[in-house]
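Colleague: return atomic coordinates for the entry below.
(2 chains, ligands or ions: 1)
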Amino acid sequence: MMHRDTIEAFKSGDDLAFVSIYNHYKTGIYSFCLKMLMSRDLALDAVQDTFVRVYENRDRLMNTGAFKSWLYTIARNQCLNRIRKLKREVPLDEACELRSDQSPIGELEKSERIEFVNRYLAALSPSYREVIVLREFQNLSYEEIGAITRSTISAVKSRLFKARRKLANEMKPAMAMMAARAAEKPAENESDTK
Amino acid sequence: MSDGHQHNEAPSIDDSPCSESDVDLYLDGELPASREADLFRHLSTCSSCRDCLNSVLSLRRIHGEEYISVPPWADDALLARVDKRRRAGRRTAQLHTNQSIWSARTTVTIRSVLVVAGAVLVSAAYLTKQFASASGHVFVEQEHVRFIDPIPPLRSEVYVFYPGLTIEADR
Ligand SMILES: [Zn+2]
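Modeller: Sure, this is the predicted structure:
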C-alpha cells in the first residue's frame, strides 16, 4: 500500500514522489497490461502511456485514497484502446510467445505451464479477461474492480464468476492431460519446483 | 428434483442446488465458515464446481511461478518522457505568466491605433444610422470627436487602458 503522504506530495508537484509511485506500481501495472494485451511491446507501451497520463493529470486526482483504482482505470483504458485498435483477439500463437525471458533455461516445464495459462487467458473476451486478471493476479477486491471497470459489485461478481466457469470449461481437457503427465513423471516435477 | 429432470449418475445423493457462487465466494475468502461444510459436501458430488475450483487454484499457482518485471530500459524511457513533459509544462507556464492578456504591455504604432479607432467610429456611425432609420427618427450627428492631438516631434506614448491591458504606442 502506497503511503498517502507520497501521493499528496506527488499531487503537489514533487517529482521524486512520482518516481517512488512508479517504482511501487510499475510491476503490477505491467503485469496487468501484459495479461490484457499478451504482448510485451504493447504492454510496455501501455505502461508508459499510463504513467505519463498519471503524471500529467495529477491535479485531477481528487481523492488520494482512490489512487490505486485511478491508476488501474487509466491502465485499463490504455489496454482497451489498444485492443480496440487491433480489432482482433490476440492470436494464440502470439500468446505462446509470451515466455518470460527472465526464467532460467532448463525450467521448460515451468514456462510451458505459464504458456498454457496465457493461452486460455488470451482466448477469453477482454471483459472476462480483465476481471480474471484483476482478481486472480492483481488480487484486487470486488469494490476496487468495480471502481476500475465502472460496474457495481454485484455486476463484478457475476462477471467474475462467469469468467471462472468459462475458463474452467476451456481448461478442463488440458488440465486432465497435465494431471496425467504430472503423475507419469513425478521426479521431474519435484526438481522443477525447487 | 421436482421438474422431472433426472440425473443418470449419482441420483439423489446431491439434492442441494449447485452452489456455483459458494465456490466463488470460497475462492475469494468471502464464504462464511458456517457454509464451508455444505460446500465441501457439494464439491464431492459436483464435478463442474470441482473443475472450477481446481482451474482457478491452478491459474493462481502458475501465475505465482511467473516472474514479471519491467526492463530497466523501459524505466529510463518513461522517466525521459516525463522529464520532457515537465520541461514543456514549465515553458508553457512561463509563457502564460509573461503573456497573460490582462497584464500585457504591447508596443504598437500610432498608425494602427488610428486605424482601429477610425474603424470603430465608422461602424458606430453606421449602426446609429441603421438604428435611426429602423425606428423612424432622424438623428443629426451631434458630436464631433477629436481623438488625436498633434503628434509631438520625437516620441509619444499612447496608453489605451482596458481592464489590465495597456497598449503603449510609439509614434
Ligand atoms: Zn456444483
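Colleague: from chain B, how far out is residue A:42?
Modeller: Per CB to the nearest CB, to the nearest Å, residue A:42 is found 13 Å from chain B. No exception for glycine: its C-beta is placed from N, CA and C like everyone else's.
Colleague: run a quick neighbour tally on that residue.
Modeller: 21 (other CB atoms under 10 Å in any protein chain shown).
Colleague: which residue packs closest to it, ignoring adjacent ones?
Modeller: residue A:82 (5.7 Å; CB to CB, 6 or more residues apart in numbering or on different chains).
Colleague: try residue B:24
Modeller: Nearest one to residue B:24, counting by CB to CB, 6+ apart, is residue A:161 at 4.6 Å.
Colleague: what's the pLDDT at the one you found?
Modeller: For residue A:161, the pLDDT comes out at 95.
Colleague: isn't it up against residue B:26?
Modeller: No - using CB atoms under 8 Å, residue A:161 makes no contact with residue B:26, being 11.6 Å away.
Colleague: and the residue of chain A closest to chain B?
Modeller: Of all residues in chain A, the one sitting closest to chain B is residue A:168 (3.9 Å; CB to the nearest CB).
Colleague: could you verify that that residue is part of a helix?
Modeller: Yes - with DSSP: H, G, I helix; E, B strand; the rest coil as the criterion, residue A:168 is assigned to a helix.
Colleague: what number of residues lie near it?
Modeller: Around residue A:168 there are 23 residues (other CB under 10 Å).
Colleague: the helix or strand hosting the residue nearest to residue B:24 near the ion anywhere?
Modeller: Using DSSP states H and E, residue A:161 sits in helix A:153-184. No - judged by CB under 5 Å from the ion, helix A:153-184 stays clear of the ion, getting no closer than 10.1 Å.
Colleague: flag every residue of chain A that's near chain B.
Modeller: A:15, A:18-19, A:22, A:26-27, A:30-31, A:34, A:44, A:47-48, A:51-52, A:55-56, A:100, A:102-103, A:110, A:113-114, A:116-117, A:132, A:135-137, A:142, A:157, A:160-161, A:164-165, A:167-169, A:171-172, A:175 (CB under 8 Å from any CB of the partner chain).
Colleague: which of those residues fall in strands?
Modeller: Nothing among the residues of chain A next to chain B maps onto strands, per DSSP state E.
Colleague: in ChimeraX, how would I select the buried members of those?
Modeller: To isolate the buried ones among the residues of chain A next to chain B in ChimeraX, judged by 16 or more other CB atoms under 10 Å in any protein chain shown, type:
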select /A:18,22,26,30,31,34,44,47,48,51,52,55,100,110,113,114,116,117,132,135,136,137,142,157,160,161,164,165,167,168,171,172,175
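Colleague: all helices of chain A, in order?
Modeller: A:4-11, A:15-37, A:40-56, A:67-86, A:92-96, A:108-123, A:126-132, A:142-149, A:153-184, A:186-193 (DSSP state H).
Colleague: lowest average pLDDT across those helices?
Modeller: Among the helices of chain A, helix A:92-96 scores lowest, with a mean of 46.
Colleague: can you give me the neighbour number for residue A:86?
Modeller: Counted with other CB under 10 Å, residue A:86 comes out at 12.
Colleague: now for it: which residues touch it?
Modeller: By CB atoms under 8 Å, 6 or more residues apart in numbering or on different chains, residue A:86 lies in contact with nothing.
Colleague: quick one: buried residues of stretch A:1-12?
Modeller: A:2, A:6, A:7, A:9, A:10, A:11.
Colleague: which residues touch the second one?
Modeller: Under the criterion of CB under 8 Å, 6+ apart, the contact partners of residue A:6 comprise A:17, A:20, A:21.
Colleague: and chain B, which residues reach chain A?
Modeller: Near chain A, when you scan chain B using CB under 8 Å from any CB, you find B:20-21, B:24, B:27-28, B:48, B:51-52, B:54-56, B:58-60, B:62-63, B:65-71, B:74-75, B:77-79, B:81-82, B:85-86.
Colleague: any of those buried? List them.
Modeller: So, by 16+ other CB under 10 Å, the buried ones in the residues of chain B next to chain A are B:20, B:24, B:27-28, B:51-52, B:54-56, B:58-59, B:62-63, B:65-66, B:68, B:70, B:74-75, B:78, B:82.
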